[in-house]
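Enquirer: Okay, structure incoming, though there's no sequence with it:
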């Protein structure tokens, strides 16, 4: 049996998305992919295309760069949803100058009432140097707070480092 809320984090290109996809595949549930990225250039389009190819068939894709609530509210206990990723979701809100605290509370409330299993991918951004500009420092702090919130709400927390999962909270199924 899988945990209801699983939080998977790691650095850039650490293997966290691949791990999360495999985690969802092994549940036997109807798979949903909740994409939070926005495509503004060819580089991002190439990254999205790579993720689509890597995932393969059998996923229902939902694009929700800002409001994930309608997708998560529609899930049933027969569904599993991979939200990839919380970092892009946060970035979208930060750049749109939305109230991050209010958005995080709304996300937390949505997760709490979600009836399906949920796997959330996020980046660990706090292990590097202090950024030199205000926006980057604001983002790093907000991402850290969001990760703490998500880890606190999760039944299972897994950090992926060089493609290897390390359980930080809970037990792997």
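Expert: Good, I have the coordinates. From a predicted model like this one, the values you see are computed outputs, not experimental measurements.
Enquirer: What helices and strands are in contact with the worst-scoring helix or strand of the chain on mean pLDDT?
Expert: When the helices and strands of the chain are scored by mean pLDDT, DSSP states H and E, helix 42-55 comes last with a mean of 87. Judged by 3 or more CB pairs under 8 Å, 6 or more residues apart in numbering; DSSP states H and E, helix 42-55 is in contact with helix 16-25. In this view, the C-beta of every residue, glycine as well, is placed from N, C-alpha and C.
Enquirer: Would you indicate which residues of the helix it packs on are buried?
Expert: 16, 17, 19, 20, 21, 23, 24, 25 (16 or more other CB atoms under 10 Å).
Enquirer: Touching the least confident helix or strand of the chain from outside, list them.
Expert: 17, 18, 21, 33, 35, 37, 38, 39, 61, 84 (CB atoms under 8 Å, 6 or more residues apart in numbering).
Enquirer: CSV for the residues you listed, including pLDDT?
Expert: Converted to CSV, the contacts of helix 42-55 look like this (pLDDT from 0 to 100):
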residue, pLDDT
17, 93
18, 93
21, 95
33, 97
35, 95
37, 93
38, 90
39, 89
61, 94
84, 95
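Enquirer: Identify those among those residues that sit within helices.
Expert: 17, 18, 21 (DSSP state H).
Enquirer: CSV please, covering the residues you listed and showing distance to residue 119.
Expert: Formatted as CSV, those follow (distance: CB to CB, whole Å):
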residue, distance to residue 119
17, 10
18, 12
21, 9
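Enquirer: Let me know the closest of those residues to residue 157.
Expert: Proximity of these to residue 157 was ranked by CB to CB; the top entry is residue 17 with 16.1 Å.
Enquirer: Around residue 170, how many other residues sit close by?
Expert: For residue 170, the count of nearby residues is 15 (other CB atoms under 10 Å).
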